[in-house]
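Student: Got a sequence here, can you build the structure:
(5 chains)
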Amino acid sequence: MDPERVSRKFGMAPGSLVYIGDKSAAPVEIRVMDYTAEAFTETGVENLAACREYRDRDSVTWIDISGIHDPEMIAQLGRTFELHPLVLEDVLNTQTRPKLDDYEDYLFAVLKMIDYDADSRELDHEQVSLVIAPGLVISLQEKTGDVFDPVRLRIRNSKGRIRKSGADYLAYALIDMVVDHYFAILEQVGEQIETLQDAVIAEPDEQIVGDIHRCKHQIIFLRKSVWPVREIIAGLLRGESALISPDVRPYLRDVYDHTIQVVDTVETYRDILSGVLDIYLTNVSNRMNEVMKVLTVIATIFIPLTFLAGVYGMNFEYMPELSRPWAYPALWAIFLAIFVGLLAWFRRKKWL
Amino acid sequence: MDPERVSRKFGMAPGSLVYIGDKSAAPVEIRVMDYTAEAFTETGVENLAACREYRDRDSVTWIDISGIHDPEMIAQLGRTFELHPLVLEDVLNTQTRPKLDDYEDYLFAVLKMIDYDADSRELDHEQVSLVIAPGLVISLQEKTGDVFDPVRLRIRNSKGRIRKSGADYLAYALIDMVVDHYFAILEQVGEQIETLQDAVIAEPDEQIVGDIHRCKHQIIFLRKSVWPVREIIAGLLRGESALISPDVRPYLRDVYDHTIQVVDTVETYRDILSGVLDIYLTNVSNRMNEVMKVLTVIATIFIPLTFLAGVYGMNFEYMPELSRPWAYPALWAIFLAIFVGLLAWFRRKKWL
Amino acid sequence: MDPERVSRKFGMAPGSLVYIGDKSAAPVEIRVMDYTAEAFTETGVENLAACREYRDRDSVTWIDISGIHDPEMIAQLGRTFELHPLVLEDVLNTQTRPKLDDYEDYLFAVLKMIDYDADSRELDHEQVSLVIAPGLVISLQEKTGDVFDPVRLRIRNSKGRIRKSGADYLAYALIDMVVDHYFAILEQVGEQIETLQDAVIAEPDEQIVGDIHRCKHQIIFLRKSVWPVREIIAGLLRGESALISPDVRPYLRDVYDHTIQVVDTVETYRDILSGVLDIYLTNVSNRMNEVMKVLTVIATIFIPLTFLAGVYGMNFEYMPELSRPWAYPALWAIFLAIFVGLLAWFRRKKWL
Amino acid sequence: MDPERVSRKFGMAPGSLVYIGDKSAAPVEIRVMDYTAEAFTETGVENLAACREYRDRDSVTWIDISGIHDPEMIAQLGRTFELHPLVLEDVLNTQTRPKLDDYEDYLFAVLKMIDYDADSRELDHEQVSLVIAPGLVISLQEKTGDVFDPVRLRIRNSKGRIRKSGADYLAYALIDMVVDHYFAILEQVGEQIETLQDAVIAEPDEQIVGDIHRCKHQIIFLRKSVWPVREIIAGLLRGESALISPDVRPYLRDVYDHTIQVVDTVETYRDILSGVLDIYLTNVSNRMNEVMKVLTVIATIFIPLTFLAGVYGMNFEYMPELSRPWAYPALWAIFLAIFVGLLAWFRRKKWL
Amino acid sequence: MDPERVSRKFGMAPGSLVYIGDKSAAPVEIRVMDYTAEAFTETGVENLAACREYRDRDSVTWIDISGIHDPEMIAQLGRTFELHPLVLEDVLNTQTRPKLDDYEDYLFAVLKMIDYDADSRELDHEQVSLVIAPGLVISLQEKTGDVFDPVRLRIRNSKGRIRKSGADYLAYALIDMVVDHYFAILEQVGEQIETLQDAVIAEPDEQIVGDIHRCKHQIIFLRKSVWPVREIIAGLLRGESALISPDVRPYLRDVYDHTIQVVDTVETYRDILSGVLDIYLTNVSNRMNEVMKVLTVIATIFIPLTFLAGVYGMNFEYMPELSRPWAYPALWAIFLAIFVGLLAWFRRKKWL
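Tutor: Numbering: from 1, shown residues only, chains lettered A, B, ... in the order given. Here you go, the predicted model:
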């Protein structure tokens, strides 16, 4: 959540319609799909008031809205379908936490679609709001382009059981798409983690700590988006709403399992990442150790030798060794003995 | 909580009216707003006894008290509206934990408004007590100046549904203001964390650990203030009290979602902060490593060279090299070879 | 808990009366307060058998026993008031965990009073056992001197509602005193933590780690004593016992809130303490860093200089520089250049 | 879970039959065991349609399928036994989380068999799906070769009570085999941990951190596979399905206890592993300490000596000591005194 | 748990009687105590079939079996008292997790007695199985020698209420002994922790990390043994079994409190131990710091001095200082000034 955006709304009356997402110049796109097992129509709509006719039909209607930056349009949506002002406020508040509200005549769900931007290696989310009423699903999202195309195709081609089922199955199909897309995001994050794992062993540099933490942020972000979805589906499964027919429940149970799997994987990634950080820190320690050993070996060997050389560089008049012809070679022998002896000692200590 | 203040009350009979907040010289301000959908009056009141008349009216009355450092006034409030002695004690005890008590005839809620002091970069809280009775809301706060002005405006201008609703909606509107203000505080804390994140990468100094921990304290403080608010609203939502009408429940659910969002964000901030500390500590380790490397490179190169120079500074009579004319340039060649060789070795080890 | 003391009782039949606390030479003090709203008597009692008469009176009786090191007296207490043998065993076992047992005719509660010894800066606990029967409260504690004096005063002076209420209110008043005293202890611990926080920044020495851990032990100790008290009061609040009248419930709810506040504060202290340890450890790292930098700066500057000096101390016959008159001052210029150059380099690296 | 494999299925209609495991060239093996207490037949089957006859018999039938890479065969299985499309999808989706779904007419369970590859020291899992219907158990697994041979033997030899019991007992026996096999895996992991514990004390090298983390991954993997099995059996035990007879419940309780034991042991291993990492890191610190001590001892002793030697190598004309005959031996005495004195000081500091 | 032992049983039919504990050469000892309030007989029994007569008596019978390494004897026990095969299997499987199973006619409980081996400072456990039927308790343990002697004495001497109570009280008494013995173990572990706490401050050596972790293993071991006992007693307390009379419930509540106390203490020990490790690691850091300081102080003082001495050891022909008679003493003065100045600087930095 971005508290800055939310706090822009401070002091407004509840139900005030303020869009706090990024302003978009693109026009709002409204598409209506109306279908039964036999019939199917797809129309682009300019004015939501024209959608009122779909309210009492027997067919299933999907009103598919891309672009919510026009509060007036949202207000009209509320008037047309008699939605609670808080529903409209939540649709516009793109920082709403994923949730399911039961307004008896209809259910209102808020979900997050997640996108992975390959360039910046950042995750981004887009809010999807769903109004689920008898024979009607309204979906609202911030931008054109989404993960719902496979559902649109299945409706058009009458593939699977979607055309034979009701609005509850359509709602399920949309939620399923959102959740299934999380696996693609997990795949991206998983690849990043693998890259990090390899990098931390091959050639760890200081940047890797930043990368690990960026990856950790993504995992926290994912968890926060997915976890409440589990509660949403659990709420639908608990079957207190008459809007969800028993036939759809095995399917909901299936999405429920998927959300749990996503959360499980997210937890595993978290554990692995903290392991990667541990390996990095241990490597830093070990490298420091190695540096210290090199210093110690060199210094320990040459400091005593230098001392000896210094001794025979002294200018005392009475230094009997200085005049012996064998003294100089003898000293070299001593130098060599100390050198070899210390090397052997270091080798025994496993420092070399 | 500040145990020192609480322990001042030790040994007093329960229901003793002792104000433990900061003494204030400012006079107590009592404002009464009385409204129905059509009518509206706003009066300043000197004596709470005069408020008794509002008790049995059909209109909604908001008795809005700023300044609670006068125990006598609180005692009179208790007598006028027949409040339980423990309610009065909790109003005065500014260290009360946020809570909701159901006294059947009325509900009593304690909340914390949080303020961010931009100068000292400290959070501060101010206690808000609410008594919610049929057609009556009494709000009490420590100081003048609060987050309720938008509600006052909405009542005066009859904006939104507030004038058409009962005391329960008014209570909701006040709680909503308190919770919404948390987002502004979160924004401030979030900005601090971002500053810390940038600082820890750009130019980490020792002070940053203190800053991280001050920020962590603020997050703990926020969490402790917000978490019980969630329970308060959950208590109201559970709908056991007849004072809360079903119409207000979607609104309460909305504030409930907001508190969860605040707590979620607080948790995320905590995770991010601990990541910032990790990055700092890794930087400390890495800088130490760099220091050690410089020392090791310099020492490892020059210690053997100094030894060699020391050898040819010795005063042995029989040192044949000394009298060879090519010996001195040859030694310089050896010096250079050692120097270049070690540099190459260090570069291969990636220490340079 | 001190397992050593508990294990002294190993193998004894349940209900065996063995005192495992510190033997005290002080005589057992038994005081009986018997009161109604109008009447009040206070008597010292030598023999518990004399207390039997209070059992069936309409007045409220508080039998207040200081000193439990006389198993025979406890046995007599059991006979006089028909208490379960396990109650008597728990009274004597000063290592009993705080708890509430419902024996239908009476309730039995064990609490811990906590004392802070300012000299040794250690926390100590003293067990308080309460038997709550209709019209009768028996309190037992290890030593004379307690936190109940304010209650005694209120009874004597008929202050507050204590004289107008039953034995359940008296029991509440005693529990309230015990819990309220925890705030005083928290204050002491809080002051210690503040001292530690200041010390860790001002002049951290090695002793501070020990101090932090002693403080942490105290917090663990407090938590262990307070946490079960919460369960005790929750048990009383659940209202399954007919011994607790509904009038007393708001008061119990109040103590309940206090215990939660104590536990909350204890948790906060824990978080702060672990922050203090983090700051200390970071300081240790930073100081090490500083030490290393000083060494590195000095060594890196002088080692090459010393090498150069060594070179011109060599005794080669053919060293043309040695006979040039400008050579010595030139070398000093080189020394100075190296010195200044390295200093500048270190300053750019921000090591100075 | 491997999100990459799961995301291959993105956008497909629920119930789409896609096998995402490793393609295998081995043919699918279908074996049917049909038995009562008296009779027993075992046949290999080519075409699942032939199995339809077993559906309504009184005997217990186990259809044992190895190899699920042929979606057409799975589709036929669904048609023959009227299974829900989601069941078939989950059978093929080898990344399904272990779970139990109750489809009223039959139960569907997914489990994971775990294999330990001794060469690569990696764990691998293979999915086992069970359909439990009255008088019928269908088991599906990815590859030939499994842990069910003891059950097959017991059926053939009519050992134990399996031939006298129903399909629920057979299902129990299969689940029991899967869970019992986890103990063998635990044994392998336990041995690895012991090896690590020994290695970390005997001769810790840098590789060990990687080994510890590989081991930790295995433990996380195990936990993720076993934990949901506990829920599966708890679901069976809750006894809501008429397919599980009361006679089988003690047996299910037994497997339940085993899963808890596995999870307990996994938790213990986790604790022990993090202890091993702690020991390793402490060893690294201690070795660094030792290296530093050697350097410090040598440098601290010889640096002052070298300075003294340097002093008497100076070429001042007026250095009276140089001409004294006792000066040179005296200096050696001073050298020795400093050497011995510093050694003694280090010994007293326990650095040697 | 030791997975190796459990996995020996892989593939066996449930109910297979295999003893997986250590084989013992000692003969199985069977002792029968049969008592009412008035009468008491104690007999050694060779053949369990002889015990059948005790089944339907009115007296309470305790069949006390030491040594379970004879599967045939266990099978006979099952036949004599009509026990479920899984009960017999669990009796022999000495790695069974502590648990309580309700077989309606009887209860079956598995507990762990814990022993502290003072020599190896290791904890060891021995499994105790209890079958609790009306008027009958069968206890089975692996070896002779246990913690039940006090119960035997109380029965023989008719001490306490044991002879006046039923089989449920006897079962309670046995469980109570097992739990009470945990306090003795806690005492041993507590002493070890105190020794470690002292050692870590007085003279920390490298071995201490191993000791801390061995102690931590013991605590994990204890926790794993005690925690499920809590569930066992909670199961008995929930009072669903008619075998437990209401009179025994206060006693069970008492043991329940004891197990919670044991677990509480174990948690506290864990916290203290991790504190001990923290202190140790801080000490390691501080000692490293001290080593570094010594090195830095010595090197920083003498390296510049050595440089100066080297300068005046150079052989330039034109070095005017060399021929000045005051130069040598002046240089010594400079040496001394540098020495004292640096010492003072280090003292101001608090490095000395």
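
Student: three-state assignment of the closest residue to A:Phe335 other than its chain neighbours?
Tutor: Distances taken as Cβ to Cβ, 6 or more residues apart in numbering or on different chains put A:Leu305 closest to A:Phe335, at 5.5 Å, once the chain neighbours are dropped. (Glycine included, C-beta is placed from N, CA and C.) Under the three-state scheme (DSSP: H, G, I helix; E, B strand; the rest coil), the conformation of A:Leu305 reads as helix.

Student: residues near A:Leu305, how many?
Tutor: Residues lying near A:Leu305 (other Cβ atoms under 10 Å in any protein chain shown) number 24.

Student: Equivalent analysis for A:Pro27, please.
Tutor: When neighbours are defined as other Cβ under 10 Å, A:Pro27 has 12 of them.

Student: The nearest residue to it once chain neighbours are set aside: what's it in contact with?
Tutor: The shortest distance from A:Pro27 to any non-neighbouring residue, by Cβ to Cβ, 6+ apart, is to A:Gly67 (6.8 Å). For A:Gly67, the set of contacting residues under the criterion of Cβ atoms under 8 Å, 6 or more residues apart in numbering or on different chains consists of A:24, A:26-29, A:142-144.

Student: Isn't A:Thr268 up against D:Ser225?
Tutor: No. With contact defined as Cβ atoms under 8 Å, A:Thr268 and D:Ser225 do not form a contacting pair (11.6 Å).

Student: Tell me which of these two has more neighbours.
Tutor: With neighbours defined as other Cβ under 10 Å, A:Thr268 and D:Ser225 compare such that D:Ser225 has more, 22 against 19.

Student: any idea which element that one lies in?
Tutor: Secondary-structure element containing D:Ser225, defined by DSSP states H and E: helix D:207-237.

Student: For that helix, name the packing helices and strands.
Tutor: Contacts defined by 3 or more Cβ pairs under 8 Å, 6 or more residues apart in numbering or on different chains; DSSP states H and E place helix D:207-237 against helix A:249-311, strand D:99-102, strand D:107-117, strand D:122-133, helix D:167-202, helix D:249-311.

Student: The shortest one near chain A anywhere?
Tutor: Yes. Contact between strand D:99-102 and chain A is present through D:99, D:101 (criterion: Cβ under 8 Å from any Cβ of the partner chain).

Student: Pairing partners for that strand, with directions?
Tutor: Each strand that pairs with strand D:99-102, with its direction, by DSSP bridges: strand D:107-117 (antiparallel).

Student: Pull the contacting residues for A:Asp22.
Tutor: Residues A:Glu142 are the ones in contact with A:Asp22 under the rule Cβ under 8 Å, 6+ apart.

Student: Now do the helix holding D:Ser225: distance to the chain's middle.
Tutor: When distances are taken as Cα atoms, centre = their mean, to the nearest Å, helix D:207-237 is centred 5 Å away from the chain's centroid.

Student: Over to stretch A:253-268?
Tutor: On the basis of Cα atoms, centre = their mean, stretch A:253-268 is displaced by 14 Å from the centre of the chain it belongs to.

Student: in it, what's buried?
Tutor: A:253-263, A:265-266, A:268 (16 or more other Cβ atoms under 10 Å in any protein chain shown).

Student: Residue of the stretch 201-350 of chain A nearest chain C, please.
Tutor: Residue nearest to chain C within the stretch 201-350 of chain A (Cβ to the nearest Cβ): A:Gly313, separated by 6.7 Å.
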